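1. Just a sequence and a predicted model for now, questions to come.
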Amino acid sequence: MINFFIPGKPTGKGRPRVCRNVTYTPKETKDYETLVRTCYKQKYSNKEPIPAKTPVEVEIYAYFKIPKSMPKKQKELIENNELFPTVKPDGDNISKIILDALNGVAYYDDNQVTDLTIYKQYATTDEKVGVLVKIKEKRLEEWRN
């Protein structure tokens, strides 16, 4: 199983921009995709990408900073896992930027992802603000069940 952490505020995939008949990816998106690849390569520098046609399961845990202005009662709800962040970026945009960034690095192509789960939670400390990514090859015997 592949398991790595991307520090910093969770970021979603930005929409392509059009300027004078030229389409380009926003700088923030490019920078975050570079950060995702760097974090992966720091831990798995010698690992080959999962081969094409191999099904892959991905779990993404996005940990958000608790706002300082949040009332104490709401902070208690967070500690009891009763309150979750319903803020931007959307979970699907978080997954899109991460899955796209890992193309050719962790796996051949993100079309191999057959199971995707995204969790949005508050971080218990500032050091835990970021995104935890877990990637696992789906074994054929597991797939049939």
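-> Everything's here; your move.

2. going forward, measure contacts and count neighbours with C-alpha atoms only.
-> Fine.

3. Now do the strands in the chain.
-> 2-7, 17-19, 22-24, 56-64, 113-122, 130-137 (DSSP state E).

4. Highest mean neighbour count out of the ones you listed?
-> strand 56-64 (a mean of 21; mean count of other Cα atoms under 10 Å).

5. Please save the CA atoms from it in PDB.
-> What follows is strand 56-64 as a C-alpha-only set of coordinates in PDB (Å, rounded to 0.1, in the frame of the first residue of the first chain):
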ATOM      1  CA  VAL A  56      -6.500   0.800  -8.100                       C
ATOM      2  CA  GLU A  57      -8.300   1.900  -4.900                       C
ATOM      3  CA  VAL A  58      -7.600   5.400  -3.600                       C
ATOM      4  CA  GLU A  59      -8.600   7.000  -0.300                       C
ATOM      5  CA  ILE A  60      -8.100  10.700   0.200                       C
ATOM      6  CA  TYR A  61      -8.300  12.400   3.700                       C
ATOM      7  CA  ALA A  62      -8.400  16.200   3.500                       C
ATOM      8  CA  TYR A  63      -7.700  17.800   6.800                       C
ATOM      9  CA  PHE A  64      -8.800  21.400   7.200                       C
END
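
6. about what we covered before: of the strands of the chain, which is nearest T38?
-> strand 2-7 (9.0 Å; Cα to Cα).

7. What pairs with the closest one, parallel or antiparallel?
-> Next to strand 2-7 in the sheet, as set by DSSP bridges, lie strand 130-137 (antiparallel).

8. Residues contacting the strand it pairs with, please?
-> Contact with strand 130-137 is made by 1-10, 50, 54-64, as judged by Cα atoms under 8 Å, 6 or more residues apart in numbering.

9. hang on, the earlier thing: now the strands of the chain in JSON lines, with mean pLDDT and distance to Y107?
-> What follows is the strands of the chain, written out as JSON lines (pLDDT from 0 to 100; distance: least, Cα to Cα, whole Å):
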{"stretch": "strand 2-7", "mean pLDDT": "97", "distance to Y107": "11"}
{"stretch": "strand 17-19", "mean pLDDT": "79", "distance to Y107": "27"}
{"stretch": "strand 22-24", "mean pLDDT": "79", "distance to Y107": "24"}
{"stretch": "strand 56-64", "mean pLDDT": "97", "distance to Y107": "8"}
{"stretch": "strand 113-122", "mean pLDDT": "96", "distance to Y107": "9"}
{"stretch": "strand 130-137", "mean pLDDT": "97", "distance to Y107": "9"}
